[in-house]
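Need a 3D model of the sequence below.
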Amino acid sequence: MISSYTFGIYPRSEELIEATRKNTENLDSLFQRETEEYITAQKNANLGFVSDPLLKWDDIFRPFSNLEAVTPTALNRIYEMNTFYRVLSFDGKISSDGGNLVQSNLDLSLLPKNRAAAIPEPFTFAQRHTSKEFKTKEDFTINLAKMLRVEIDSLVESGFELIQLLGPSIAYNNEVDFGLVSDALKIITDGLKAKTILHTYFGDVSTKIESLLDLPVSGLGFDITTTPTSSIEKHSFSDKILTVGIINSFNTAIEKPQECIKQVDEINAKTKPKESYVSNNFDLEYIPKEFAMNKISVLGEIARGAKDV
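As a prediction, the model looks like this:
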(Lines give C-alpha, C1' and ligand atoms only; values in the text may rest on other atoms or scores of the structure.)
Protein backbone atom coordinates (compact mmCIF):
# COMPACT_ATOMS: atom_id res chain seq x y z
CA MET A 1 0.00 0.00 0.00
CA ILE A 2 1.18 3.52 -0.86
CA SER A 3 -0.32 6.95 -0.16
CA SER A 4 -2.73 8.93 -2.30
CA TYR A 5 -4.54 12.24 -2.70
CA THR A 6 -6.31 14.43 -5.22
CA PHE A 7 -5.51 18.05 -5.96
CA GLY A 8 -7.12 21.00 -7.70
CA ILE A 9 -10.67 22.01 -8.51
CA TYR A 10 -13.49 19.46 -8.66
CA PRO A 11 -16.48 19.58 -11.05
CA ARG A 12 -19.77 21.17 -10.06
CA SER A 13 -22.91 19.16 -10.71
CA GLU A 14 -25.37 20.38 -13.34
CA GLU A 15 -27.68 21.41 -10.51
CA LEU A 16 -24.96 23.51 -8.88
CA ILE A 17 -23.91 25.06 -12.20
CA GLU A 18 -27.49 26.14 -12.89
CA ALA A 19 -27.95 27.46 -9.36
CA THR A 20 -24.71 29.46 -9.69
CA ARG A 21 -25.90 31.02 -12.95
CA LYS A 22 -29.22 32.04 -11.40
CA ASN A 23 -27.79 32.83 -7.94
CA THR A 24 -30.62 30.90 -6.34
CA GLU A 25 -31.54 31.12 -2.66
CA ASN A 26 -30.26 27.60 -1.98
CA LEU A 27 -26.86 28.21 -3.63
CA ASP A 28 -24.85 28.17 -0.39
CA SER A 29 -26.51 24.95 0.78
CA LEU A 30 -25.78 23.30 -2.58
CA PHE A 31 -22.11 24.26 -2.36
CA GLN A 32 -22.01 22.87 1.18
CA ARG A 33 -23.72 19.62 0.19
CA GLU A 34 -21.43 18.90 -2.76
CA THR A 35 -18.33 19.83 -0.77
CA GLU A 36 -19.39 17.31 1.89
CA GLU A 37 -20.05 14.66 -0.78
CA TYR A 38 -16.59 15.02 -2.31
CA ILE A 39 -14.80 15.01 1.04
CA THR A 40 -16.80 11.94 2.12
CA ALA A 41 -15.86 10.22 -1.15
CA GLN A 42 -12.17 10.82 -0.45
CA LYS A 43 -12.54 9.46 3.08
CA ASN A 44 -14.44 6.40 1.87
CA ALA A 45 -11.69 5.74 -0.68
CA ASN A 46 -9.16 5.82 2.20
CA LEU A 47 -7.01 8.40 0.46
CA GLY A 48 -3.84 9.24 2.36
CA PHE A 49 -4.66 12.95 2.35
CA VAL A 50 -8.03 14.66 1.94
CA SER A 51 -8.53 18.05 0.29
CA ASP A 52 -11.30 20.59 -0.16
CA PRO A 53 -12.84 20.25 -3.66
CA LEU A 54 -12.52 24.04 -4.19
CA LEU A 55 -15.98 24.28 -5.74
CA LYS A 56 -16.15 28.04 -5.19
CA TRP A 57 -12.79 28.60 -6.90
CA ASP A 58 -13.25 29.61 -10.54
CA ASP A 59 -9.51 29.08 -11.04
CA ILE A 60 -6.48 28.33 -8.84
CA PHE A 61 -5.61 32.04 -8.52
CA ARG A 62 -9.07 33.41 -7.73
CA PRO A 63 -8.78 33.82 -3.92
CA PHE A 64 -5.87 36.20 -4.47
CA SER A 65 -8.13 38.62 -6.35
CA ASN A 66 -9.18 39.82 -2.89
CA LEU A 67 -5.75 41.20 -2.06
CA GLU A 68 -5.80 44.95 -1.47
CA ALA A 69 -3.28 45.78 -4.22
CA VAL A 70 -4.86 43.52 -6.85
CA THR A 71 -7.11 44.49 -9.73
CA PRO A 72 -8.86 41.68 -11.66
CA THR A 73 -8.53 42.35 -15.41
CA ALA A 74 -9.18 40.39 -18.61
CA LEU A 75 -10.02 36.74 -18.99
CA ASN A 76 -7.23 34.58 -20.37
CA ARG A 77 -7.27 31.01 -21.62
CA ILE A 78 -5.92 28.31 -19.28
CA TYR A 79 -3.09 26.95 -21.41
CA GLU A 80 -4.62 24.73 -24.13
CA MET A 81 -7.91 24.16 -22.30
CA ASN A 82 -11.32 25.59 -23.19
CA THR A 83 -11.53 27.26 -19.79
CA PHE A 84 -10.41 30.67 -18.62
CA TYR A 85 -8.98 32.48 -15.61
CA ARG A 86 -9.05 36.12 -14.58
CA VAL A 87 -5.68 37.85 -14.99
CA LEU A 88 -4.72 39.70 -11.81
CA SER A 89 -2.81 42.97 -11.93
CA PHE A 90 -0.67 43.58 -8.84
CA ASP A 91 -0.61 47.38 -8.67
CA GLY A 92 1.07 47.86 -5.32
CA LYS A 93 3.07 46.14 -2.61
CA ILE A 94 2.15 42.46 -2.27
CA SER A 95 1.04 41.58 1.23
CA SER A 96 -1.09 38.71 2.48
CA ASP A 97 -4.26 39.30 4.44
CA GLY A 98 -2.76 37.80 7.57
CA GLY A 99 -2.43 34.46 5.80
CA ASN A 100 -6.19 34.01 5.68
CA LEU A 101 -6.90 34.24 1.95
CA VAL A 102 -6.65 30.54 1.12
CA GLN A 103 -8.00 29.30 4.46
CA SER A 104 -11.10 31.46 4.21
CA ASN A 105 -11.89 29.71 0.92
CA LEU A 106 -11.64 26.20 2.40
CA ASP A 107 -14.16 24.34 4.55
CA LEU A 108 -11.87 23.44 7.44
CA SER A 109 -14.70 22.03 9.55
CA LEU A 110 -15.20 19.14 7.11
CA LEU A 111 -11.57 18.17 6.64
CA PRO A 112 -9.94 15.39 8.71
CA LYS A 113 -6.51 15.65 10.31
CA ASN A 114 -4.80 14.16 7.23
CA ARG A 115 -5.55 17.27 5.19
CA ALA A 116 -3.88 18.70 2.08
CA ALA A 117 -4.17 22.07 0.36
CA ALA A 118 -3.35 23.20 -3.18
CA ILE A 119 -1.77 26.55 -3.99
CA PRO A 120 -0.08 27.91 -7.15
CA GLU A 121 3.71 28.03 -6.97
CA PRO A 122 5.38 31.45 -7.48
CA PHE A 123 6.86 30.95 -10.97
CA THR A 124 3.52 29.89 -12.46
CA PHE A 125 1.76 32.70 -10.59
CA ALA A 126 4.10 35.36 -11.98
CA GLN A 127 3.98 33.94 -15.50
CA ARG A 128 0.19 34.12 -15.70
CA HIS A 129 -0.35 37.53 -14.10
CA THR A 130 0.96 41.10 -14.32
CA SER A 131 2.38 43.77 -12.05
CA LYS A 132 2.79 47.53 -12.28
CA GLU A 133 4.71 47.51 -9.01
CA PHE A 134 7.58 45.23 -10.05
CA LYS A 135 9.59 45.97 -13.17
CA THR A 136 10.98 42.45 -13.61
CA LYS A 137 9.40 39.01 -13.49
CA GLU A 138 12.17 38.02 -11.09
CA ASP A 139 11.16 40.61 -8.49
CA PHE A 140 7.50 39.80 -9.04
CA THR A 141 8.12 36.07 -8.53
CA ILE A 142 10.13 36.52 -5.33
CA ASN A 143 7.57 38.87 -3.79
CA LEU A 144 4.76 36.47 -4.67
CA ALA A 145 6.75 33.73 -2.94
CA LYS A 146 6.94 35.81 0.24
CA MET A 147 3.18 36.36 0.19
CA LEU A 148 2.50 32.67 -0.49
CA ARG A 149 4.76 31.66 2.41
CA VAL A 150 2.53 33.61 4.81
CA GLU A 151 -0.50 31.77 3.42
CA ILE A 152 1.21 28.39 3.67
CA ASP A 153 2.43 29.02 7.23
CA SER A 154 -1.18 29.71 8.18
CA LEU A 155 -2.32 26.48 6.54
CA VAL A 156 0.33 24.46 8.38
CA GLU A 157 -0.66 26.06 11.67
CA SER A 158 -4.21 24.87 10.94
CA GLY A 159 -3.05 21.29 10.61
CA PHE A 160 -2.40 20.86 6.89
CA GLU A 161 0.21 18.14 6.48
CA LEU A 162 0.69 18.36 2.73
CA ILE A 163 1.00 21.44 0.52
CA GLN A 164 0.45 20.79 -3.18
CA LEU A 165 2.35 23.40 -5.21
CA LEU A 166 0.73 23.69 -8.63
CA GLY A 167 3.29 24.44 -11.35
CA PRO A 168 1.75 24.02 -14.81
CA SER A 169 3.86 26.84 -16.30
CA ILE A 170 7.02 24.92 -15.44
CA ALA A 171 5.77 22.19 -17.77
CA TYR A 172 4.07 24.39 -20.35
CA ASN A 173 6.80 27.00 -20.91
CA ASN A 174 9.65 26.07 -23.23
CA GLU A 175 12.06 28.27 -21.27
CA VAL A 176 12.15 28.02 -17.48
CA ASP A 177 14.58 29.87 -15.21
CA PHE A 178 15.17 27.08 -12.71
CA GLY A 179 17.45 29.29 -10.64
CA LEU A 180 14.51 31.64 -10.08
CA VAL A 181 12.12 28.72 -9.48
CA SER A 182 14.51 27.34 -6.87
CA ASP A 183 14.99 30.69 -5.11
CA ALA A 184 11.24 31.22 -4.93
CA LEU A 185 10.52 27.71 -3.67
CA LYS A 186 13.25 28.03 -1.06
CA ILE A 187 11.32 30.96 0.43
CA ILE A 188 8.24 28.73 0.65
CA THR A 189 9.79 25.52 1.95
CA ASP A 190 12.68 26.59 4.19
CA GLY A 191 11.92 25.33 7.69
CA LEU A 192 8.35 24.42 6.77
CA LYS A 193 6.84 21.68 8.94
CA ALA A 194 4.79 20.08 6.18
CA LYS A 195 5.48 18.07 3.04
CA THR A 196 5.54 19.98 -0.23
CA ILE A 197 4.95 18.38 -3.62
CA LEU A 198 5.43 20.31 -6.86
CA HIS A 199 2.95 19.23 -9.52
CA THR A 200 3.78 19.77 -13.19
CA TYR A 201 1.15 19.31 -15.90
CA PHE A 202 0.03 20.72 -19.27
CA GLY A 203 3.36 19.79 -20.81
CA ASP A 204 6.11 17.18 -21.15
CA VAL A 205 8.87 17.75 -18.57
CA SER A 206 11.13 14.91 -19.78
CA THR A 207 14.05 17.28 -20.43
CA LYS A 208 13.48 19.14 -17.16
CA ILE A 209 13.46 16.27 -14.66
CA GLU A 210 17.09 16.70 -13.58
CA SER A 211 16.41 20.36 -12.82
CA LEU A 212 13.18 19.48 -11.03
CA LEU A 213 14.98 16.97 -8.81
CA ASP A 214 17.31 19.74 -7.61
CA LEU A 215 14.44 21.93 -6.38
CA PRO A 216 13.91 22.43 -2.62
CA VAL A 217 10.62 20.51 -2.30
CA SER A 218 9.72 17.23 -0.62
CA GLY A 219 8.51 15.65 -3.81
CA LEU A 220 7.47 15.90 -7.44
CA GLY A 221 4.20 15.05 -9.14
CA PHE A 222 3.94 14.13 -12.82
CA ASP A 223 1.11 14.01 -15.32
CA ILE A 224 1.94 10.74 -17.07
CA THR A 225 -0.37 11.54 -19.98
CA THR A 226 2.10 14.25 -21.07
CA THR A 227 5.39 13.12 -19.51
CA PRO A 228 6.14 9.51 -20.53
CA THR A 229 6.83 7.11 -17.69
CA SER A 230 9.95 6.00 -19.58
CA SER A 231 11.39 9.47 -18.98
CA ILE A 232 10.57 9.39 -15.27
CA GLU A 233 12.05 5.91 -14.89
CA LYS A 234 15.50 7.11 -16.00
CA HIS A 235 15.94 8.99 -12.74
CA SER A 236 16.45 8.14 -9.08
CA PHE A 237 13.98 9.60 -6.59
CA SER A 238 15.78 8.23 -3.53
CA ASP A 239 15.56 11.56 -1.70
CA LYS A 240 12.20 12.67 -3.08
CA ILE A 241 8.54 11.72 -2.85
CA LEU A 242 7.30 10.62 -6.27
CA THR A 243 3.65 11.21 -7.11
CA VAL A 244 2.38 9.47 -10.22
CA GLY A 245 -0.59 11.30 -11.75
CA ILE A 246 -2.26 8.05 -12.72
CA ILE A 247 -5.88 9.28 -12.84
CA ASN A 248 -6.66 11.12 -16.08
CA SER A 249 -8.82 14.17 -15.34
CA PHE A 250 -9.43 14.89 -19.02
CA ASN A 251 -11.00 11.57 -19.91
CA THR A 252 -14.21 9.98 -18.63
CA ALA A 253 -12.85 6.47 -19.17
CA ILE A 254 -12.46 4.88 -15.74
CA GLU A 255 -8.99 3.52 -15.10
CA LYS A 256 -8.51 -0.23 -14.64
CA PRO A 257 -7.03 -0.64 -11.14
CA GLN A 258 -4.91 -3.73 -11.79
CA GLU A 259 -3.30 -2.20 -14.88
CA CYS A 260 -2.54 0.99 -12.96
CA ILE A 261 -1.15 -0.91 -9.97
CA LYS A 262 1.22 -2.79 -12.26
CA GLN A 263 2.33 0.46 -13.89
CA VAL A 264 2.95 2.22 -10.56
CA ASP A 265 4.90 -0.77 -9.20
CA GLU A 266 7.11 -0.76 -12.32
CA ILE A 267 7.80 2.96 -12.01
CA ASN A 268 8.67 2.63 -8.31
CA ALA A 269 10.93 -0.38 -8.92
CA LYS A 270 13.02 1.69 -11.34
CA THR A 271 12.98 5.08 -9.58
CA LYS A 272 13.20 3.85 -5.96
CA PRO A 273 11.45 6.90 -4.45
CA LYS A 274 11.74 7.94 -0.83
CA GLU A 275 7.93 7.74 -0.67
CA SER A 276 5.35 6.82 -3.30
CA TYR A 277 2.00 8.55 -3.88
CA VAL A 278 -0.65 8.38 -6.60
CA SER A 279 -3.00 11.19 -7.61
CA ASN A 280 -5.00 12.71 -10.45
CA ASN A 281 -2.92 14.35 -13.21
CA PHE A 282 -4.63 17.75 -12.94
CA ASP A 283 -7.95 19.30 -11.87
CA LEU A 284 -10.92 16.92 -11.98
CA GLU A 285 -13.20 19.80 -13.02
CA TYR A 286 -12.92 18.82 -16.70
CA ILE A 287 -15.11 15.74 -16.28
CA PRO A 288 -18.68 15.37 -14.96
CA LYS A 289 -19.25 14.83 -11.25
CA GLU A 290 -20.28 11.15 -11.50
CA PHE A 291 -17.03 10.26 -13.27
CA ALA A 292 -14.96 12.26 -10.77
CA MET A 293 -16.59 10.28 -7.95
CA ASN A 294 -15.74 6.98 -9.64
CA LYS A 295 -12.16 8.05 -10.25
CA ILE A 296 -11.69 8.98 -6.58
CA SER A 297 -12.74 5.46 -5.61
CA VAL A 298 -10.41 3.89 -8.17
CA LEU A 299 -7.51 6.04 -6.96
CA GLY A 300 -7.91 4.61 -3.48
CA GLU A 301 -8.01 1.09 -4.87
CA ILE A 302 -4.77 1.68 -6.81
CA ALA A 303 -3.02 3.03 -3.70
CA ARG A 304 -4.11 0.06 -1.60
CA GLY A 305 -2.97 -2.43 -4.24
CA ALA A 306 0.44 -0.95 -5.04
CA LYS A 307 3.54 -2.29 -3.32
CA ASP A 308 5.03 -0.20 -0.54
CA VAL A 309 8.48 1.26 -1.25
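
where exactly do the helices run in this structure?
For the chain, the helices defined by DSSP state H cover 14-22, 27-44, 122-128, 137-157, 168-172, 178-189, 209-213, 229-232, 257-271, 289-305.

With respect to Asp58, which of the ones you listed lies nearest?
Closest to Asp58 of the helices of the chain is helix 14-22 (CB to CB; 9.8 Å). Where you see a C-beta, it was placed from the backbone N, CA and C, and this is true even at glycine.

how big is the angle separating that closest one from helix 27-44?
Angle, helix 14-22 to helix 27-44, by axes from the mean of the first three to the mean of the last three CA atoms, to 10 degrees: 150 degrees.

Look at Tyr172 and say how many residues are nearby.
Neighbour count of Tyr172, defined by other CB atoms under 10 Å: 20.

Could you measure from Trp57 over to Arg149?
As judged by CB to CB, to the nearest Å, Trp57 and Arg149 stand 20 Å apart.

hmm, back to that, please identify which of the helices of the chain is closest to Ser109.
Using CB to CB, the nearest of those to Ser109 is helix 27-44, at 10.0 Å.

can you pull the buried residues of that closest one?
Neighbour-count burial for helix 27-44, counted by 16 or more other CB atoms under 10 Å, picks out 30-31, 34-35, 38-39, 41-43.

Kindly indicate which of these lies nearest Asp283.
Among the buried residues of helix 27-44, Tyr38 lies closest to Asp283 (CB to CB), at 12.7 Å.

returning to what we had before: would you reformat the buried residues of helix 27-44 as CSV and include pLDDT?
Shown next, in CSV, are the buried residues of helix 27-44 (pLDDT from 0 to 100):
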residue, pLDDT
Leu30, 97
Phe31, 97
Glu34, 98
Thr35, 98
Tyr38, 98
Ile39, 98
Ala41, 98
Gln42, 98
Lys43, 98
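
Stretch 233-253 spans what distance, first to last residue?
End-to-end distance of stretch 233-253 (CA to CA, to the nearest Å): 25 Å.

List the buried residues in that stretch.
Of all the residues in stretch 233-253, those buried under the rule 16+ other CB under 10 Å are 235, 237, 240-249.

how distant is stretch 227-246 from the center of its chain?
Here stretch 227-246 is found 17 Å from its chain centre; the criterion is CA atoms, centre = their mean, to the nearest Å.

quick one: average pLDDT of that stretch?
The average of the pLDDT scores along stretch 227-246 is 98.

right, and the pair among the buried residues of helix 27-44 with maximum separation?
Leu30 and Lys43 (20.5 Å).

Run through the residues that contact the residue nearest to Gly245 when sequence neighbours are not counted.
Residue nearest to Gly245 in three dimensions, not counting chain neighbours: Asn281, with 3.4 Å by CB to CB, 6 or more residues apart in numbering. By CB atoms under 8 Å, 6 or more residues apart in numbering, the contact set of Asn281 is 201, 223-226, 245-250.

Mind doing that once more with 6 Å?
Residues counted as contacts of Asn281 (CB atoms under 6 Å, 6 or more residues apart in numbering) are 201, 223, 225, 245, 248-249.

likewise Met293?
Counting by CB under 6 Å, 6+ apart, Met293 has contacts Ala41.

Look at it and report its pLDDT.
Per the predicted model, pLDDT is 98 at Met293.

Glu301: what's it in contact with?
Contacts of Glu301 by CB under 6 Å, 6+ apart are Pro257.

I'd like the distance from it to Pro257, if you could.
From Glu301 to Pro257 the distance is 5 Å (CB to CB).

Please dump the helices of the chain into TSV; it should also carry distance to Ser3 for every row.
Listed next are the helices of the chain as TSV, based on distance: least, CB to CB, whole Å:
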stretch	distance to Ser3
helix 14-22	30
helix 27-44	13
helix 122-128	24
helix 137-157	18
helix 168-172	23
helix 178-189	19
helix 209-213	20
helix 229-232	18
helix 257-271	12
helix 289-305	6
